[in-house]
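Asker: For reference, the sequence and a predicted model appear below.
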Amino acid sequence: MNRYPAERSCPLRPPPEYARWREEAPVTPVVLPGGRPAWLVTRYDDVRRLLRHPALSSDSTHPGYPAFGSAVEVPPLSRSLIGLDGAAHERLRRVLGAEFSVPAVARMQPELDRIVDRAVDGLLAGPVPADLVERFALPVASRTICHVIGLGYESHEVFEHNTHVLTDGTRSAGQKAAASAAITALVADLVGDRRRRARDDLASRLVTTGGLTDEEVVDNLVLLVAAGHDTSANMLALSAWTLLDDPAAGADFLAAGPQGQQNAVEELLRFHSIIQLGLARVATADIEVGDRIVRAGEGVVLGLPAANADPRRFTEPDTLDLARADARRHLAFGFGPHQCLGHYLARTTLRTALAGLLGRLPGLRLADEARAPQIKDSMDFHGLHRLPVHWETPVEG
Ligand code: HEM
């Protein structure tokens, strides 16, 4: 019996079983926590193709959906963009997509610069050693999503704590439902406020011009709050760890300039593939995968970490190569209709934050205890619980 997820043997690489399964067959029967069976897809070409397959549904309320305790099964997340198929999904995606387009994210750049600068100031003003997760990665990611949506940053502890519960594989359904209700209450207050008094933010635009019901606005804002900070914070912490653990990599990153840094971010996204459980779908018709057939009603898990480490697609996939020419072909943001709505924002935030952090703090070093990274192995998203650092003389500016 293939238990899924398998355990990592190296904290920063996917479990070795995935490479074996990828060589053996296009789909692997696995048993999810809770005992439900599913088919795991591990090859890059198959994962990419299936993410656009019309007979694979994202509906987490479908009886065959391969639930692995992820937040997506909890309403209102199941009723939002990420849990819808076809025309219902397209309609919401059109409205929300405009808010996260390349030009929209470019307009956010000055605010992103300010957020990063402020986070570095905060780091410098506090005690050393410092936990880079709590003092840099989370503030940058949370302030960014608050700015985009129009939510006050003073609520960050509420949504950070409750998102943590939602994405923690060891929590009960009841705990997750309570966490989801807490974020919903926060967002419902915001929506009520913007109904009375619109401002220049996403929440106001959704209630005034989006053509959505209040319930749809709330459901999708809950998704944005939950999906929009923890993911970026985890990627930031893992990336900072990677660039600090190998000072040559950190120096290469800084010297690469904006374009080279953006490419390095793509490689970091590929290498870490933080959606460590992959993406869950249920087949609504029989589907061929190589020489196998997945039957209608069966659950499918698209293994993003395995696909992004597929040697058929990426040369020496287990080597981090910040200058990798085809790094951008990774599937860390998924692919197809549900491809991450916030991918430009996440890419830009990561580059801005890493360049700002290393640029202003060239003397930043891992504290000794950070040499053995404290990874989030029981969470839906790969990341670090803590990242203790210290630094030598900062560069002012
Ligand atoms: C969807 C990854 C950051 C909002 C997704 C999906 C992936 C992903 C793999 C596809 C889900 C599926 O197909 O079922 C990531 C990673 C991030 C990140 C790796 C950071 C490094 C963000 C940010 C936001 C965001 C910053 C918001 C501003 C969303 C939304 C969806 C989504 C709304 C659902 C899209 C849909 O179903 O159409 N993300 N994400 N994500 N992400 Fe992200």
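Answerer: Noted; the coordinates are in hand.

Asker: can you pull out the helices in the stretch 51-200 of the chain?
Answerer: Assigned by DSSP state H, counting those that start in this stretch, the helices in the stretch 51-200 of the chain fall at 86-97, 102-125, 132, 138-149, 156-166, 173-196.

Asker: got the buried residues for the first one?
Answerer: Within helix 86-97, the residues scored as buried using 16 or more other C-beta atoms under 10 Å are 89, 92, 93, 95, 96. Every C-beta, even on glycine, is put in place using the N, C-alpha and C of the backbone.

Asker: and if you look at the fifth one?
Answerer: Taking 16+ other C-beta under 10 Å as the basis for neighbour counts, the residues of helix 156-166 that come out buried are 156, 159, 160, 162, 163, 165, 166.

Asker: Packing partners of it?
Answerer: Where contact means 3 or more C-beta pairs under 8 Å, 6 or more residues apart in numbering; DSSP states H and E, helix 156-166 is packed against helix 138-149, helix 173-196, helix 214-245.

Asker: Could I get those in JSON lines, plus columns for distance to residue 83, mean neighbour count and mean pLDDT?
Answerer: Below are those laid out as JSON lines (distance: least, C-beta to C-beta, whole Å; neighbours: other C-beta atoms under 10 Å; pLDDT from 0 to 100):
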{"stretch": "helix 138-149", "distance to residue 83": "19", "mean neighbour count": "23", "mean pLDDT": "98"}
{"stretch": "helix 173-196", "distance to residue 83": "13", "mean neighbour count": "17", "mean pLDDT": "95"}
{"stretch": "helix 214-245", "distance to residue 83": "9", "mean neighbour count": "24", "mean pLDDT": "96"}
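
Asker: quick one, what contacts the closest residue to residue 385 other than its chain neighbours?
Answerer: Using C-beta to C-beta, 6 or more residues apart in numbering and skipping residues adjacent in sequence, the residue nearest residue 385 is residue 374, 4.4 Å away. Shown in contact with residue 374 (C-beta atoms under 8 Å, 6 or more residues apart in numbering): 384, 385, 386.

Asker: ok, back up a step: adding distance to the ligand as columns, could you present the helices and strands packed on helix 156-166 in CSV?
Answerer: Formatted as CSV, these follow (distance: least, C-beta to the nearest ligand atom, whole Å):
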stretch, distance to the ligand
helix 138-149, 6
helix 173-196, 13
helix 214-245, 3
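
Asker: which one of those lies closest to residue 33?
Answerer: Among the helices and strands packed on helix 156-166, the nearest to residue 33 by C-beta to C-beta is helix 173-196 (12.4 Å).
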